[in-house]
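Asks: sequence first, predicted model second:
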Amino acid sequence: MSSPRSSIEWQFRADDAIDALRMRAVVRAFFVAEADEASDVEGAVLVFGELVANVVRHAPGAISVRIEWPAAGAATGRCGRRWRCC
């Protein structure tokens, strides 16, 4: 796998709902900056929010999130310790 063109990463505690909401806004801004006009940014933000909500609900403690935007191909992300998508 090639190096990402850009990425964001952060950590927060599952019981910190305010930080989780704040990160959703950061992720939306990241997607808007990286995506082209044909991308479904709002859909991606919704999926991201659901994934983080599931981690918060089922994996108490520290949560780590990383999203990589490659030079070509689909973005990838990791949330918690196990999730990786396309």
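Replies: Nice, thanks for sending it over.

Asks: could you list the low-pLDDT ranges of this structure?
Replies: Counting by pLDDT under 70, the low-confidence segments of the chain come to 1-4, 72-86.

Asks: and with 90 instead?
Replies: By pLDDT under 90, the low-scoring segments of the chain are 1-27, 31, 34-41, 44, 47-86.

Asks: can you pull out the strands in the chain?
Replies: 4-13, 62-70, 76-79 (DSSP state E).

Asks: would you list those strands in JSON lines and tack on distance to residue 36 and mean neighbour count?
Replies: Where you see a C-beta, it was placed from the backbone N, CA and C, and this is true even at glycine. Converted to JSON lines, the strands of the chain look like this (distance: least, CB to CB, whole Å; neighbours: other CB atoms under 10 Å):
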{"stretch": "strand 4-13", "distance to residue 36": "13", "mean neighbour count": "14"}
{"stretch": "strand 62-70", "distance to residue 36": "11", "mean neighbour count": "17"}
{"stretch": "strand 76-79", "distance to residue 36": "17", "mean neighbour count": "19"}
